Every structure is written in C-alpha cells, then in structure tokens.
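Novice: sequence and predicted structure, then a few things I'm wondering about:
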Amino acid sequence: MRLLTHNMLSSNIKGVTNGFPLLIEVEKVIEKPVDFNPDFLKNMFVKVDWKALVDASRSLGYAELPEETPESSVIDSDDFLRKFHHALLELHLEEGALVCPETERKFPVSKGIPNMLLHEDEV
Amino acid sequence: MWYLCMFFHRLLDYRKAEVESLAELFGYVGDGLEWKLPQHHHPDSPFHFVNLPSEELARTIANRSILIKGIYEVWGEGGSYEELEEAIKNYPDDRKLPYLTADSTFRIIVDSFGKVMSFQEQNDRIKGLAYIPFKGRVNLKSPEHKFWLMQTDDYGVSNGLPPVAQRTIFFGREVGAADRKLLPTYQLKSRNYLGPTAMDAEMAFLMANQALVKPGKLVYDPFVGTGSILVAAAHFGAMTMGADIDIRVVRDGRGPDCNVWSNFKQYGLPAPVALLRADNNLPPWRPSLKEVFDAIICDPPYGVRAGGRKSGGRKLLKGTVDPYTVPDDKRTDHIPSTGAYCLSECVHDLLDVAGKMLVMGGRLVYFYPVLREDDSRENHFPEHPCFRLVSSSEQILSSRYSRVLLTMVKIGLYTEEIAEAARIKHLEFRENHLKWLEDGNLHSSVFASTDTQLPATGDAKFSKEPRRKYRGKYV
C-alpha cells in the first residue's frame, strides 16, 4: 500500500465521526521505484492531506518531508517533487495494519493490500 | 474537411462513439462531429464520411482507435470504374500531385467489402488506375503513401451483411489506420491471471478510449477483479487504482506469479498505484476527499455471470435476527459475511461515488445490462444530476439480453443536496423501470426456458422490428 492510498482512506465504521487519518502499524516496509511523472504529482499535490502524508511517511521511517504544509510554489522545485514522489508513491507498507484513530480497530494490510471491509456489527 | 472512415465490421454501435471520444481526447472542441453516409449505404455500412478539422487530427484518431480500419482522403468515388476515373480526374491536382512525386514511395491496396477478389483481379484493378500519374517508386513494405481502392458490391441481403443498394468504389489516400497489433498482444488467452468475467482486450481498450485515458491521469475501477480493464488504461499511460470486495481476487490470485500485479508485469506496464479490498456500498474514502479520479471505468456485477456482494450478512440485512456481534477474541481473523447486492443499488452507489470522486469533466464508463424485449429501454438509463450521458453502445450477448456501454461526463459539482436529490430520483427510477434488476430477476429472465418465456412477452415481441445481428458482428 502506497501512502497515496493511505491518504485517501478512512475508517468508515458506523458511528465513527473522525476516522482519518488512519494510524499505521508497521511490520514490513518495502520500496518500489515508480516512474517520475511531474504532472501527476502536481495534480495530486493539491488533493493530499499534507499532515497525514508527513505523519504517515515518518511512521514508515522517511523524514524528508517538511512538517508544515508547503506553499504551492514548491511544486516547481525538482528537489521537492522528488521527495514528494518518493513518499507518495515509492514507499510501500507491505505488511502491517491501518488503525482507526477512534476505535483502534485494525484494518490489516497483507501483501500490500489493505483490507477495508467491515465486520457485520460495524456496518 | 470530409474524410472517409472505414470501420472494421465489428461492434457497430461503438464505432462513432469511439471516434467522437478520441476527437475530444485530442483536442477537438465542438458539439460532436458531423457524419454522413455514402449514397445508398445502410447505417450499418463500414463506410462513413466524417468531417474533421485537420489531417493531423484524423491521423491521431485513427492511430489510437480500435475500430477504425483506416481514414482516407477520397480522390474519387463512383458506382462503376468509369465513374471513378471521371471523379479522380476531376479531383484537384494540387491535392493529388504532392503525393505522386518522383522521389516518393507508394503502394496501392485493393480491398473489398462483402466479396472476395482474386489476386489476379486485384492486379487488374491496380493496372486499371494507370490514368493516375504515379511517378514514385513502389514499396510494398514501408511506403510513404498508401492508396486504397475499396469496393463494396450489391451482393444482395442474404449473406448476413448490411444491405447495399448498389456498387460503390472509393479511391483514396490513407491518412491513418488503427494499431490492431495491440489485440493479439493483450488477448485474454495468453494472459496469466483470468477470472470468469475478465474483460476482453478489444472491449477494454474501447472502454479506455471512451474514458479519454491518457498519460498522467488517475483511473479507478471499483470492481477491479483481475484488473483486465485497468490493464488497457495502463497501456495508454494512466495511473490505475482498483478495489474489489473479494480479498482472494485482489490479494492472492492464483499464486505469486498469477495475480493482478503479474497481469501488469506481463506486459511491462506500471503496476496499479493501489489495489485494495473495499465495498462500493460503503466506500472507505475520507469524507473530505473529492474530485480525485480522472475516470472511473468498470463492469459492475449484474447478477448474470457474477453477482454483486456488499457488507453485512444476509440475515442482518433482512433484519430477521438481532444484530450479530463478533466476539472480541475472534476479531483478528474474522471473515465478514456479505449479502446480495442488487444491480439497481450497485448502480446508484456507483453514480454516487463517481459524482463525488470524479474531477469536473471526468468520465464514468460502465456496462449496464438490458433485456432485449424491453421496448422502453432507450430512455431509461440511470441518471444523475452531476452527469450527462455522452453515448450508449449496445452489444448483444444473447437473444435475451444485451449489455450497453454507457459513457457519462461529470458536468455538475457534487453536493449533499444533489446526492439526496439523486437518491430520491433513483428510487423513482427503480420503482418504475428496474423491477427486472432486483434480486436475480435479470438472471431468471436470461436463463428462463423458452416455454416460460414466450407467454410472458406476448405478441408485442413479434411486431417490433428486431435489431439486425450480422453474423455475430454485434457481439
């Protein structure tokens, strides 16, 4: 699971009002190179929740992203785009879990696939 | 300028829709393209004239398309070879001579529709064109200019092809042609990981064209299965994302080298940016996320070959027992049961998710089944206030039912009020038109034995002119 996906997901258990961002429980992180596509990154930059991305990348052991939401002008910096690219698309949570911030329910991630399906008593 | 467009004689209902979509993809702005039929030709004829603003656009469209055999600048047409000669001679020299120069290479291809021409006959036809002042050298392998002599005959209507009132011959210069080599490369029979409803390569590419897929776009399939639709989108350069409710399909496949990932690796395509297990009925997207996908392409489960599932056990959904609680010690490995997910609900959820998650101008492309006896279907495709229907193309699957590829474009912002209005509208729609979509009714209609089928449909069925089906070419 890439952090782009993490940035889009939330816990949708019935009754949970604040299911985002999901905490990450790490068992295994891998890196997979992905073709660099500046246009795609610029598109995504305005869509991501920056704080969630920074926190998630730190929990996977990557601390290069700035804490504060950057000015929109930074997307013209190649250095920044490379780091953003790496954090968003190249870091993978291969094994672990996503944890609902409100109920601590764990959504397992195995073989890189997050299992977001709810139990019968959660819908 | 008017160009002649010759289509492969397949998927007739999809041909113009594809050209229109590709024109838009490559920058054509306007209210649809202008089309006209050659004289006396049936609308199902493979020959159509289309008005395109530039040769460059015509070439780009043809190269990307799946169903165009070629786009040609016509130098002459006629009902006989004498008429053709007259027409070619009258075609302005300044349009012809630049392609006939001594330093160029060319070849002439003779093609016929509805009849076979012997090699000898083809050669004679080429020699018959001696009145055109070709000065260049012949090069059969990689000529600069390809000229086509295309003939369709009055072969009568009995051979299962669309009727042609009289013989027509076209002569023209090829502007562009489709790259059908894609299809053998991607054909399903050589793909590693397949499911029972994997989308065949030709249709998957058509769907990607309808969705205006191009490099850097993010494409989502909420019923990803083995990824057969996303493979086509990835071929055209899109970033892909897929979800499925069945964890075995998306995570495990049939082993380490036979799963969704391996299907992309097999063709050297970039892997999907995300695969996840999620329920389209209860999508796990964060509430503040919207307008993130450029296109959503899918083949929803419509309960004929594969049925839909959603979260919540069957009993729980029907409310016949008290809500079921999973004991705490069993939570980790618990496999939640799922309930049936009927098509009308599935389509409602799909439109709702698409309304929220597509960018403005983004396209939703999906299949929707129709019973062929249902007269009223033309006007009764699902609707949503955020969307405008761009095209609907029918593919006949059996004598009982077809599937229609619906292409919709997002034209309105998604708000809570609109979502609620859409939900109410959908309930009416479901009440009035969708009874056959509920709980397996479609399945029963498709598979009912003929004895029980006939009395139910009545005489109306016989008075209605059936849609032509040319030797399975709609299929």
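Specialist: It's in.
Novice: may I ask which helix or strand of chain B has the lowest mean pLDDT?
Specialist: Lowest on mean pLDDT, DSSP states H and E among the helices and strands of chain B sits helix B:460-463, with a mean of 41.
Novice: for the chain, what's the longest helix?
Specialist: Let's take chain A. If you go by DSSP state H, chain A has its longest helix at helix A:50-59.
Novice: wait, chain B
Specialist: Assignment by DSSP H gives helix B:416-433 as the longest helix of chain B.
Novice: for that one, name the packing helices and strands.
Specialist: Other helices and strands packing on helix B:416-433, by 3 or more C-beta pairs under 8 Å, 6 or more residues apart in numbering or on different chains; DSSP states H and E, are helix B:343-357. (C-beta placed from N, C-alpha, C; glycine too.)
Novice: helices along the stretch 51-200 of chain B, start to end?
Specialist: Here the stretch 51-200 of chain B has its helices, by DSSP state H, counting those that start in this stretch, at B:55-64, B:81-90, B:93-96, B:119-127, B:182-186.
Novice: ugh, typo on my part, it should be the stretch 351-475 of chain B
Specialist: So, for the stretch 351-475 of chain B - with DSSP H, counting those that start in this stretch - the helices run B:416-433, B:441-447, B:450-457, B:460-463.
Novice: helices or strands up against the second one?
Specialist: Read it as helix B:441-447. strand B:358-371, strand B:401-410.
Novice: these: which one's closest to chain A?
Specialist: strand B:358-371 (8.9 Å; C-beta to the nearest C-beta).
Novice: turn the helices and strands packed on helix B:441-447 into a markdown table, including mean pLDDT.
Specialist: Formatted as a markdown table, those follow (pLDDT from 0 to 100):
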| stretch | mean pLDDT |
| --- | --- |
| strand B:358-371 | 94 |
| strand B:401-410 | 93 |
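Novice: any idea of the pLDDT on the nearest residue to residue B:384 once chain neighbours are set aside?
Specialist: Residue nearest to residue B:384 in three dimensions, not counting chain neighbours: residue B:351, with 4.3 Å by C-beta to C-beta, 6 or more residues apart in numbering or on different chains. As predicted, residue B:351 sits at a pLDDT of 95.
Novice: list the contacts for residue B:351?
Specialist: For residue B:351, the contact set (C-beta atoms under 8 Å, 6 or more residues apart in numbering or on different chains) comprises B:364, B:382, B:384, B:386, B:387, B:422, B:426.
Novice: who in the stretch 151-300 of chain B is up against chain A?
Specialist: Contact residues (C-beta under 8 Å from any C-beta of the partner chain) of the stretch 151-300 of chain B with chain A: B:215-216, B:218, B:239, B:241, B:245, B:247, B:250-252, B:270-271, B:273-279, B:282-289, B:291-292.
Novice: among these, which lie within helices?
Specialist: Per DSSP H, the subset of those in helices is residue B:247.
Novice: and residue B:404, how far from residue B:248?
Specialist: Per C-beta to C-beta, to the nearest Å, residue B:404 is found 30 Å from residue B:248.
Novice: how close does the residue nearest to residue B:384 get to chain A?
Specialist: To chain A, residue B:351 is 19 Å away according to C-beta to the nearest C-beta, to the nearest Å.
Novice: where's the dip in pLDDT among the contacts of residue B:351?
Specialist: Among the contacts of residue B:351, residue B:426 has the weakest pLDDT, 84.
Novice: how many residues are close by that one?
Specialist: Counted with other C-beta atoms under 10 Å in any protein chain shown, the neighbours of residue B:426 add up to 21.
Novice: just the pLDDT for the residue lying closest to it once chain neighbours are set aside.
Specialist: Nearest non-adjacent residue to residue B:426, counting by C-beta to C-beta, 6+ apart: residue B:348, 4.7 Å away. The per-residue pLDDT reported for residue B:348 equals 90.
Novice: using PyMOL, define a selection of the buried residues within the residues of the stretch 151-300 of chain B next to chain A.
Specialist: Those of those that count as buried under 16 or more other C-beta atoms under 10 Å in any protein chain shown are selected in PyMOL with:
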select buried, chain B and resi 218+239+241+245+247+250+251+252+271+273+274+275+276+277+278+279+282+283+284+285+286+289+291+292
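Novice: so where's the chain uncertain?
Specialist: No chain in the question, so chain A it is. Residues of chain A meeting the criterion pLDDT under 70: none.
Novice: to clarify, I was referring to chain B.
Specialist: B:154-160, B:163-165, B:305-306, B:313-324, B:374-379, B:432-441, B:449-475.
Novice: returning to that earlier point: closest one to residue A:69 among the helices of the stretch 51-200 of chain B?
Specialist: Among the helices of the stretch 51-200 of chain B, helix B:55-64 comes nearest to residue A:69, with 39.0 Å by C-beta to C-beta.
Novice: contacting residues around residue 24?
Specialist: Went with chain A since none was named. Residue A:24 neighbours (C-beta under 8 Å, 6+ apart): A:6, A:56, A:59, A:60, A:93, A:96, A:97, A:98, A:99.
Novice: switch to chain B, please.
Specialist: With C-beta under 8 Å, 6+ apart, residue B:24 has these contacts: residue B:212.
Novice: centre of the chain to the helix or strand where it lies, how far?
Specialist: Assigned by DSSP states H and E, residue B:24 belongs to helix B:15-25. Remark: helix B:15-25 is offset 10 Å from the chain centroid, using C-alpha atoms, centre = their mean, to the nearest Å.
Novice: what's the answer for stretch A:100-111, then?
Specialist: That offset, for stretch A:100-111, works out to 13 Å (C-alpha atoms, centre = their mean).
Novice: ok, now stretch B:214-221?
Specialist: 17 Å.
Novice: the longest helix of chain B vs helix B:343-357, what angle?
Specialist: Per axes from the mean of the first three to the mean of the last three C-alpha atoms, to 10 degrees, the angle that helix B:416-433 makes with helix B:343-357 is 160 degrees.
Novice: what comes into contact with helix B:416-433?
Specialist: Outside helix B:416-433, the residues that touch it by C-beta under 8 Å, 6+ apart are B:344, B:348, B:351-352, B:355-356, B:376, B:380, B:382-386, B:412, B:437-438.
Novice: buried subset of these?
Specialist: The neighbour count (16+ other C-beta under 10 Å) marks B:344, B:348, B:351, B:352, B:355, B:356, B:382, B:383, B:384, B:385, B:386, B:437 as buried among these.
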